[in-house]
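>>> Next one to model:
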Amino acid sequence: MRSEHTNDKRMELTEHLGELRTHLIKSIWYLVLGAIAAYQFFGPIYGFLYRPLEKEMNALNAERVKAEIKLQVSKAPKKLQPDLLIIPHAFHNPPTQEEFNRLADAVSWIREHPVATPMMSTIFRGFYEPFMVQLKISMVIGLLMVLPFIMWEFAQFVLPALTPQEKKPLRLLVPLSMFLMLAGALVAYITMFFAVGWFLGYLNNFPQPAILMQDPNDYILFLLKMMAAFAIAFQLPVVLMALAYAGLVTSKGLITQWKWGLVIACLGMIFTPANDPWSLALIAVALLILYFGSILLVKYIERTRAKAKSA
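Residues are numbered from 1 along each chain as shown. This next block holds a predicted model:
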């Protein structure tokens, strides 16, 4: 009898492992297909991710060009300075000798004193890096694209082992978790427009010309860390709701212990990859809103559980 019982357990374990392997293989295929799709549309995807840095670099480049032009003009003879700022036009056809001489003097000065401003841009330190950066971004974006399908495969493996009562919370928590994750990533992306500008503002504190030659790999890694940090932080309502389903948290307790919301906001600020004031402020405010918003969700869960018990 014992041997038969042991064999049944082994068969059951083998079946579960076989089912797990099937779901893992499907998930890997989803990831491969998602990475291939992202690889094909790498240009628009990278352009979207690169825009926060590009916007600030272009703005700084334009400012430095204007400053360099003003500096060059200030070194020119006073009679030429107005003509260098605004290239003179001829008002006669053919132009008069005076008009021709003014234009010739301006062009001659510009040729002899070209504006040479170091421009900020991206830089690759190895011949293989463009491909590696494209491959990494394609895999990460591909994973995000197929994440719902991978979650579905995981659910298909786990749900049969759960009771109907245990399945109910997942119907609400899983879609909410996905939505909050995407919302957190979007907020992180918007935050980058302010964070990059704040960080680049420190270039002016160094001997000039101090310029940025950005490694795309480092930039994308920083951006993904920011998105991951915000996506994880935005899971606070899901965690509190799960604890409420387990009976470990109540809405009254969250209201009474509201100081924990401040603690959570401070922890979010500490673990945020960026240390600029915009990122810190946004993550703190977002966590406070999510904490107090979770109280309403926990109340909804309490009402739902009360109705289920009375039914």
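>>> The stretch 1-150 of the chain: strands as residue ranges?
Counting by DSSP state E, counting those that start in this stretch, the stretch 1-150 of the chain forms strands over residues 121-122, given from the N-terminal end onward.
>>> which regions of the chain lie under the pLDDT threshold?
Along the chain, segments meeting pLDDT under 70 span 1-13, 81, 83-92, 113-118, 161-163, 166, 308-311.
>>> mind giving me the domain ranges of it?
Taking automatic domain parsing as the reference, the chain has its domains at 2-62+119-310, 77-112.
>>> Identify whichever of those domains lies nearest to residue 69.
Nearest to residue 69, of all the domains of the chain, is domain 77-112, at 7.9 Å by Cβ to Cβ. All C-beta atoms are positioned from the backbone trio N, CA, C, and that covers glycine.
>>> Between the two ends of the closest one, how far is it?
Across its full length, domain 77-112 reaches 13 Å end to end, with Cα to Cα, to the nearest Å as the criterion.
>>> Neighbours of residue 54, how many?
Using other Cβ atoms under 10 Å, residue 54 has 16 neighbouring residues.
>>> Let me have the domains of the chain in CSV, extended by distance to residue 71.
CSV is the format used below for the domains of the chain (distance: least, Cβ to Cβ, whole Å):
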stretch, distance to residue 71
domain 2-62+119-310, 11
domain 77-112, 11
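>>> which one of those domains is the most hemmed in?
Neighbour counts averaged per stretch over the domains of the chain are highest for domain 2-62+119-310, at a mean of 15; criterion: mean count of other Cβ atoms under 10 Å.
>>> how far out from the middle of the chain is that domain?
If you compare the mean C-alpha spot of domain 2-62+119-310 with that of the full chain, they lie 9 Å apart, counting by Cα atoms, centre = their mean, to the nearest Å.
>>> any idea how far residue 299 is from residue 151?
In this view, residue 299 and residue 151 are 27 Å apart by Cβ to Cβ, to the nearest Å.
>>> ok, now residue 20?
Distance from residue 20 to residue 151, counting by Cβ to Cβ: 15 Å.
>>> Please apply the same query to residue 235.
From residue 235 over to residue 151 (counting by Cβ to Cβ), the distance is 14 Å.
>>> same deal with residue 62?
Counting by Cβ to Cβ, the gap from residue 62 to residue 151 is 44 Å.
>>> Check residue 297 too.
Distance check for residue 297 against residue 151: by Cβ to Cβ, it reads 20 Å.
>>> residue contacts, residue 145?
The neighbours of residue 145, taking Cβ atoms under 8 Å, 6 or more residues apart in numbering as the test, are 34, 37, 38.
>>> quick one: the first one and residue 140 touch, right?
If I follow you right, that is residue 34. No - the pair residue 34 and residue 140 does not pass the contact test of Cβ atoms under 8 Å, sitting 9.8 Å apart.
>>> how about the strands in the stretch 201-311 of the chain?
For the stretch 201-311 of the chain, applying DSSP E, counting those that start in this stretch gives strands covering 213-214.
>>> quick one: which helix or strand includes the residue nearest to residue 276 when sequence neighbours are not counted?
By the measure of Cβ to Cβ, 6 or more residues apart in numbering, the closest residue to residue 276 outside its immediate chain neighbours is residue 198, 4.1 Å from it. Secondary structure from DSSP states H and E places residue 198 in helix 164-200.
>>> Against residue 214, how distant is residue 119?
Residue 119 is 12 Å from residue 214, by Cβ to Cβ.
>>> Quick check: the residue nearest to residue 36 when sequence neighbours are not counted vs residue 194, distance?
Leaving aside its sequence neighbours, residue 36 sits nearest to residue 142 (Cβ to Cβ, 6+ apart; 7.3 Å). Separation of residue 142 from residue 194 (Cβ to Cβ) stands at 28 Å.
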